[in-house]
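Chemist: I would like the atomic coordinates for the input below:
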Amino acid sequence: MNIPLLFVSPAICSILFFFIKEEKRNLIFNLSLLFSLIPFLLSFYFLKIFLFNPLTKITLFTCSINGLKFAFLIESFSFILIFLNNLLFPLSIYFSKDDILFRIKEFNIWMLFSQSALNLLFLSDSLLPFFIFWEFSIIPFYFLIGIWGGERKKIANYKFVFYTLLSGAFLLTGIIGVLTGFFDEKSKIGFLLFSLAFAIKIPLFPFHTWLPDAHTEAPTAGSVILAGILLKMGTWGFYKFLLKLFPVAFLFYKNLIIFLSIFSIFYGALMSFAQEDLKRLIAYSSVSHMGFVIFGLCMEKISGIQGAFFQMFNHGIVTGALFILVGILYKRTHTRKLSDFGGISKIVPRFSFYFVLFSLATIALPGTSNFVGEFLVIFSGFFTKILYGVILSFAPFFAALYALKAVKRTLWGELKNKNLLTLPDLDLKEKVILISLTFFVILLGLFPHPFLYLTYR
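Modeler: Modelled structure (predicted):
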């Protein structure tokens, strides 16, 4: 079995679309869904291996060209992000069947290409392929936003491209320095270059300004993948390469990064609370959640690392579900303004149930997966310095401000817009998607042990 080939099978199989007429949209989407499921099914093969022994490392491919190493390896940590990647892409493609109405072949080709590139990025065990697929993973989103985006897609795309190129330039410069031996483990400049590249992609304050526009203008599938997977490129690079390449320089910058991560947690929550657009509200919440991830990684405790990876997975599931719910509303009403809603809970009870569920999950309600991740991160903060733990203990309260505001303004109160009286509830496809995501939120919230076992060192 050629495992690396199976991970890139979505991009390879998408070649078939060049021989299918654009009019056959059902066939195109069905094939796209089938192709995207291949790596997801393959993930269960590795799940069995890592549950038996989480310390297992499987080298998939390695070679050296003119002294430059190309290595692809899967371990339990990278497996978590690969599993998340190959879960969200099929669900996003499935949702897009009724959401994307033109240039169907192009949309599916870019989605499958992105899925394969992200798989290879998380499998990369050396710097050069990591950079190559860092760039390849981003290319499809220039087209996803630029072609299928909203009214302000040009401005959003310019910001996305500018920050992406800046991030790539920092990363490439840092990699060249490492490969030539110019940067060693003590190099503060090398650490700064890598950390800037990853901070832009995560994003941490003050490098976050591209994120709300990109999320708001991207199609629903694009928003799900942006939040669920692309932001994890930065946190994965932070864990996989930055901390290991520059352990000495990290100690010099550690307090600064911790400060920025804590600031991002509260800043993101307050900015979310200030939004009147549902999609921007959820977008800013990502800044807050990713701050938790970086804080956990900086603690260098097993509880912090476990909590960080738990949060990476949780954020992809919960925020992805919220973006899908907003996409469902927008598809029916063509608006995302909170002032246009209110009082729809009795009209769309099933939609309201899932909206409340995932809103409670985002504030880390006990019994949901977010609670486990945030608890572990906060615990690692207490273990390192009591002040950190005390400060982070207030984070769920700030998250409740924007989450409960969204629930109240959307679902409860008086029905101001009488046009919403005929608002249809969830259809079968939407139920399947939301039930799939709910499964992981509840399962990991009540039974986190398998996940924690995968990340225990």
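Chemist: Could I get the phi/psi values of residue 180?
Modeler: The phi/psi pair for residue 180 (degrees, to the nearest 10) reads phi -90, psi 0.
Chemist: Now do it against residue 67, distance only.
Modeler: Distance, residue 180 to residue 67, by C-beta to C-beta, to the nearest Å: 11 Å. Just so you know, the C-beta spots here come from the backbone N, C-alpha and C atoms, and that holds for glycine as well.
Chemist: How about residue 95?
Modeler: Taking C-beta to C-beta, one finds residue 95 at 45 Å from residue 67.
Chemist: again with residue 208
Modeler: For residue 208, the distance to residue 67 - C-beta to C-beta - is 38 Å.
Chemist: Who has more neighbours out of these two?
Modeler: For residue 208 and residue 67, the more surrounded residue by other C-beta atoms under 10 Å is residue 208, and the numbers stand at 23 against 6.
Chemist: Now do the contacts for residue 366.
Modeler: Each residue near residue 366 by C-beta atoms under 8 Å, 6 or more residues apart in numbering is listed here: residue 445.
Chemist: Repeat the analysis, applying 10 Å as the threshold.
Modeler: Going by C-beta atoms under 10 Å, 6 or more residues apart in numbering, residue 366 touches 360, 372, 375, 445-446.
Chemist: How about residue 217?
Modeler: Contact analysis of residue 217 by C-beta under 10 Å, 6+ apart lists 145-146, 148-157, 159-160, 223, 279.
Chemist: Please apply the same query to residue 99.
Modeler: Applying C-beta under 10 Å, 6+ apart to residue 99 gives the contacts 92, 107, 148, 219-221, 324, 327-328, 330-331.
Chemist: Repeat that for residue 230.
Modeler: 85, 114, 118, 121, 137-138, 141, 164, 201-202, 211, 214, 222.
Chemist: Please apply the same query to residue 263.
Modeler: 204-206, 287, 291.
Chemist: Type out the ChimeraX command that picks the buried ones from those.
Modeler: Selection of buried members from the contacts of residue 263 for ChimeraX, criterion 16 or more other C-beta atoms under 10 Å:
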select :204,205,287,291
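Chemist: Tell me the one of the contacts of residue 263 nearest residue 21?
Modeler: Among the contacts of residue 263, residue 287 lies closest to residue 21 (C-beta to C-beta), at 42.7 Å.
Chemist: quick one: that closest one and residue 385, what's the gap?
Modeler: Noted for residue 287: a distance of 23 Å to residue 385, by C-beta to C-beta.
Chemist: So for the helix or strand harbouring residue 237, mean pLDDT?
Modeler: Residue 237 is part of helix 231-237 when elements are defined by DSSP states H and E. Average pLDDT, helix 231-237: 93.
Chemist: Show me how the chain divides into domains.
Modeler: In terms of domains, the chain is parsed into 1-136, 149-457 (source: automatic domain parsing).
Chemist: just the ones you listed: most buried one?
Modeler: domain 149-457 (a mean of 20; mean count of other C-beta atoms under 10 Å).
Chemist: Inside helices: which ones of the contacts of residue 99?
Modeler: Among the contacts of residue 99, the members falling in helices (DSSP state H) are 92, 107, 148, 220-221, 324, 327-328, 330-331.
Chemist: Low-confidence stretches in the stretch 301-450 of the chain?
Modeler: Applying pLDDT under 70 to the stretch 301-450 of the chain flags no residue at all.
Chemist: Do a quick rundown of the helices in the stretch 151-300 of the chain.
Modeler: For the stretch 151-300 of the chain, the helices defined by DSSP state H, counting those that start in this stretch cover 153-179, 188-201, 210-217, 220-225, 231-237, 243-245, 247-274, 278-298.
Chemist: Distance from the fifth one to the middle of the chain?
Modeler: On the basis of C-alpha atoms, centre = their mean, to the nearest Å, helix 231-237 sits 9 Å off its chain's mean C-alpha point.
Chemist: What of the third one?
Modeler: Taking the mean of its C-alpha atoms, helix 210-217 sits 14 Å from the chain's own mean (C-alpha atoms, centre = their mean).
Chemist: and the angle for it with helix 278-298?
Modeler: Taking axes from the mean of the first three to the mean of the last three C-alpha atoms, to 10 degrees, one finds helix 210-217 and helix 278-298 inclined to each other by 140 degrees.
Chemist: Helix 210-217 - what's its average pLDDT?
Modeler: 88.
Chemist: Alpha carbons of it, in CSV - could you do that?
Modeler: Only the C-alpha atoms of helix 210-217 are listed here, as CSV (Å, rounded to 0.1, in the frame of the first residue of the first chain):
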residue,chain,number,x,y,z
TRP,A,210,-6.2,39.7,7.7
LEU,A,211,-8.3,37.1,9.4
PRO,A,212,-11.7,38.7,10.0
ASP,A,213,-11.9,39.9,6.3
ALA,A,214,-10.8,36.6,4.9
HIS,A,215,-13.3,34.7,7.0
THR,A,216,-16.1,37.1,6.3
GLU,A,217,-15.7,37.1,2.5
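Chemist: i'd like the first residue to be 49 from this point on
Modeler: In the new count, where the first residue is 49, that last one comes out as helix 258-265.
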